[in-house]
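[1] pasted the sequence and its predicted model underneath.
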Amino acid sequence: MLLKSQEIFIKKKDFFKEKIILLYGENQDLIKDLNEQIIINFLDEKRIVRNTFEEDIIKDPENIINYYLNGSLFGDKKNINIIKGCSDKIVDIINKIKNSVNDNLVILNSEILLKNSKLRQFAEYDKLAICIPCYQENKIDIKRFLTQQTQKNKLQLSETQIEIIVDSASLKRSKIKEVIEKLNLYKSSNKINDDIVKEICTDPDLQKNEEIIDILLSKKEMQINNFISNMSNYEKNFIEIIIVLRSFIIKILEIQKSNRNLSIDEKIEKHKPAIFWKDKDRIKNILKIWKINDLERFLSNLNMIETDFKRNDLNQDTQFYYFLTQNLSKVSFKNANNFI
């Protein structure tokens, strides 16, 4: 049975009982959050949550089979069993235990699975399974998640504050949760204003994001080449950099495409939601040096390279370095046909 990740929020615990649940995809941050959402449904039952890895089960498959078929390790407890790092290797074991799960819960976590994956086919078509693909979320998804969290925590935020939080989250639910947790500390004693939200969101990771954006969109070849040579110093993988860049470029394009009769300063001042004052100079500089067509082309190429990463197992670091060199060098700007 296929289920969208957004639908978990509205499902009751009976929906998950006696099921094998597969969460798979490139968005491991989302998988972690969905694990927690499912577990929350069973808090009143005080279940024991057990975490293990596929490789440990493969080493001793009889142990896990006996665990379910004989119930010797259960006692009177009902458990939630999360098995991480799953692949097709675990399918035979799952098929042997699926009819004996009873009131227990089995959650399988995996990375990207191809369409012909045995594990993915089992989860999609077996009547005792639930299959939840976890793709990279977009800004709308993260904004919806933030709204759910503010309602749950009875927080009232302005549209500007919501935009600040969403922009700082790098499309990660875990970042949204961290901000909400900090805002709860202010809720009872202080009025939450823009400065407080910005201060909470301006952590070292966000500063790194801003630095990466400024370098890669600077059109300064020396800075770009230095970043490419020392990318490991930023503790960001290529997917995270793509997400940071894409989110910011979309925002810049929205501003650029607003009323064409306005000056850059007027576009920035009139943009809704309002741009935080500390970001105005950064955005103004990028608006001055980038044309709409070049940004749209670069955004399209970002999406293409991300798709290529998911389709093959080639050396992705080398591919990404080459991509940045080809798309952001001075040669590329002189000849737009050089874009990958």
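    Arrived safely.
[2] average pLDDT for stretch 273-288?
    Stretch 273-288 carries an average pLDDT of 80.
[3] strands along this protein, start to end?
    Under the criterion DSSP state E, the chain contains strands at 20-24, 48-53, 79-84, 105-110, 129-133.
[4] so can I have TSV of the ones you listed showing mean pLDDT?
    TSV is the format used below for the strands of the chain (pLDDT from 0 to 100):
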stretch	mean pLDDT
strand 20-24	96
strand 48-53	84
strand 79-84	88
strand 105-110	93
strand 129-133	95
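[5] redo those strands as CSV? Include distance to residue 173.
    Where you see a C-beta, it was placed from the backbone N, CA and C, and this is true even at glycine. Shown next, in CSV, are the strands of the chain (distance: least, Cβ to Cβ, whole Å):
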stretch, distance to residue 173
strand 20-24, 13
strand 48-53, 19
strand 79-84, 17
strand 105-110, 15
strand 129-133, 14
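[6] by mean pLDDT, which helix or strand of the chain comes out lowest?
    helix 330-334 (a mean of 42; mean pLDDT, DSSP states H and E).
[7] could you list the low-pLDDT ranges of the stretch 1-150 of the chain?
    67-77 (pLDDT under 70).
[8] picking up where we left off before, which one of the strands of the chain lies closest to residue 171?
    Closest of the strands of the chain to residue 171 is strand 129-133, at 16.2 Å (criterion: Cβ to Cβ).
[9] could you tell me the angle between that closest one and strand 105-110?
    40 degrees (axes from the mean of the first three to the mean of the last three Cα atoms, to 10 degrees).
[10] what's stretch 148-162 in contact with?
    9, 143, 146-147, 165, 176-177, 180, 183-184, 187, 192, 194, 197, 272-274, 276 (Cβ atoms under 8 Å, 6 or more residues apart in numbering).
[11] list only buried entries from those.
    Using 16 or more other Cβ atoms under 10 Å as the burial test, the contacts of stretch 148-162 include 143, 146, 165, 176-177, 180, 183, 192, 197, 274, 276 as buried.
[12] now, which of these sits nearest residue 225?
    Out of the buried ones among the contacts of stretch 148-162, the member with the shortest distance to residue 225 (by Cβ to Cβ) is residue 276, at 30.5 Å.
[13] would you confirm that the closest one contacts residue 193?
    No - using Cβ atoms under 8 Å, residue 276 is not in contact with residue 193; the gap is 11.9 Å.
[14] residue 268: how many residues sit nearby?
    Using other Cβ atoms under 10 Å, residue 268 is surrounded by 19 other residues.
[15] same question, residue 58
    Residue 58: 14 neighbours (other Cβ under 10 Å).
[16] tell me how far it lies from residue 86.
    Distance check for residue 58 against residue 86: by Cβ to Cβ, to the nearest Å, it reads 10 Å.
[17] cool, residue 98 as well?
    14 Å.
[18] which one's more surrounded, the two?
    Higher neighbour count among residue 98 and residue 86: residue 86, with 24 against 18, using other Cβ under 10 Å.
[19] is the more buried one in contact with residue 110, as I believe?
    Yes - if you go by Cβ under 8 Å, residue 86 and residue 110 touch, sitting 4.3 Å apart.
[20] overlap in contacts of the two?
    22, 24, 119.
[21] of the residues you listed, closest to residue 137?
    residue 24 (15.0 Å).
[22] burial measure for the residue nearest to that closest one when sequence neighbours are not counted, as a count.
    Distance criterion Cβ to Cβ, 6 or more residues apart in numbering; nearest residue to residue 24, sequence neighbours excluded, is residue 110 at 4.0 Å. Residues lying near residue 110 (other Cβ under 10 Å) number 24.
[23] measure stretch 19-28 end to end?
    21 Å (Cα to Cα, to the nearest Å).
[24] what's in contact with it?
    Taking Cβ under 8 Å, 6+ apart as the rule, stretch 19-28 contacts 31, 34-35, 38, 86, 94, 98, 101, 105-113, 119-120, 122-123, 126, 128-137, 239, 310.
[25] OK, contacts around the most centrally placed residue in the chain?
    Nearest residue to the geometric centre of the chain (Cα atoms, centre = their mean): residue 172, 4.3 Å. Shown in contact with residue 172 (Cβ under 8 Å, 6+ apart): 29, 142.
[26] could you do the one 5 residues further on as well?
    With contacts defined as Cβ under 8 Å, 6+ apart, residue 177 is in contact with 33, 149.
[27] rerun at 7 Å
    Going by Cβ atoms under 7 Å, 6 or more residues apart in numbering, residue 177 touches residue 149.
[28] do residue 176 as well
    Taking Cβ under 7 Å, 6+ apart as the test, what residue 176 contacts is 142, 145-146, 149, 165, 169.
[29] mind putting the residues you listed in a markdown table, distance to residue 211 included?
    Shown next, in a markdown table, are the contacts of residue 176 (distance: Cβ to Cβ, whole Å):
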| residue | distance to residue 211 |
| --- | --- |
| 142 | 22 |
| 145 | 26 |
| 146 | 24 |
| 149 | 28 |
| 165 | 20 |
| 169 | 17 |
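[30] and of these, the nearest to residue 81?
    Closest to residue 81, out of all of the contacts of residue 176 and judged by Cβ to Cβ, is residue 145, at 26.1 Å.
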